[in-house]
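1. Quick one, fold the following:
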Amino acid sequence: MWVLPVFWLLLSQASLAANLYRYTNDEGVTVVDYQVPAAYVSKGYEILNPEGMVVRVVPRELTEEEKKVLNAQQELEAEASAEEMRLREWDESLLLRYSTIEDIEAARERALGDLRIRLSILKSNKRSLKHQVENYQAQAAELERSGREVDVARIAAIEDLQSQIASTERSINERGKEIEDVSAAYQKDIERFGMLLEVVALRQTLLATQQAEKDKATRDPRR
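-> The predicted structure follows:
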C-alpha cells in the first residue's frame, strides 16, 4: 500500500531535479515549463537549473536572409585570415633569405639572367630553323624553275621545320612572359621588404626612446 506514495515522492524528486525551460509564446507571454512545445523551439529559449539560474541560451533559428549574411561574413573573415597568414609567411621568408634590398636585386638579376640565356638560345634556334626552311624553299623553287617536281621528302622537311618554328615561337613567348612575371614578383618582394625595414626601424627607434627614458629616470631619483 506504500507503492503509490513512494511513486509520487520519486516523481516529485525527479521534477525538482529536472531543468526548466523558459520561452515566449505567441501572445508574448514568458512561459517556464519542463519542456518547450515544438512550435516554439525554432524561436529560441533558455534552459534553467532547478534553482532558476540560466545555464544555457538556445538562440532562435536564423532566417534564410540572415543565414546568407552570416555565411558571407564568415567567408570574408576566412579570406582575411588566409591573407594575414599569407603575408606573415611572406614576411618570414623575406627576412630569412635577405638582409638588404640589394640582396633581392642581386637574386633577381641571377634569376632573370638565366631566363634571358634560355630566351636567347630559343631565338637562336628559331633563326637556324628559318634559315633551313629558306634553303629548302630555295631548292624547291630552283626545281620548279627547271621544270622538275619538288620531291615529297623536301616538302615534308619544310613542313616539319615550320612546325618546329611554331613550337619554338610558343616557347619564346612563354619565356618572355616568365621573365615579366619573375621581374614583377621580385619587385613586389623589394617593395614588401622595404616596408618591413621601415617597421623594424620604427620599432628600434621606439625601443631606444623607451630605454633612454628609463635611463633618465634611473639617473634622476626625483622622478
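2. helix/strand/coil for the residue positioned nearest the centre of the chain?
-> Centroid check for the chain by CA atoms, centre = their mean gives residue 82 as the closest residue, at 4.8 Å. Secondary structure state of residue 82, per DSSP: H, G, I helix; E, B strand; the rest coil, is helix.
3. avg pLDDT for the host helix or strand of residue 154?
-> Assigned by DSSP states H and E, residue 154 falls within helix 152-219. Averaging pLDDT along helix 152-219 yields 87.
4. Now do that helix: distance to the chain's middle.
-> In terms of CA atoms, centre = their mean, to the nearest Å, the centre of helix 152-219 is found 19 Å from the chain centre.
5. a strand runs through residue 57, doesn't it?
-> Yes: under three-state DSSP, residue 57 falls within a strand.
6. So what are the structural domains in the protein, by residue number?
-> Per automatic domain parsing, the structural domains of the chain span 3-58, 100-210.
7. Reformat these as TSV; add mean neighbour count and distance to residue 218.
-> All C-beta spots, glycine's among them, are computed from the backbone N, C-alpha and C. Compiled in TSV, the domains of the chain are given as follows (neighbours: other CB atoms under 10 Å; distance: least, CB to CB, whole Å):
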stretch	mean neighbour count	distance to residue 218
domain 3-58	12	53
domain 100-210	13	13
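8. possible to save the ones you listed as TSV with distance to residue 71?
-> Converted to TSV, the domains of the chain look like this (distance: least, CB to CB, whole Å):
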stretch	distance to residue 71
domain 3-58	19
domain 100-210	32
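9. quick one: the residue nearest to the centre of the chain and residue 93, what's the gap?
-> Separation of residue 82 from residue 93 (CB to CB, to the nearest Å): 16 Å.
10. what does residue 188 give?
-> Taking CB to CB, one finds residue 188 at 12 Å from residue 93.
11. circling back: out of the domains of the chain, nearest to residue 64?
-> domain 3-58 (12.8 Å; CB to CB).
12. could you give me the average pLDDT of the closest one?
-> 78.
13. what separates that domain from the chain centre, distance-wise?
-> 47 Å.
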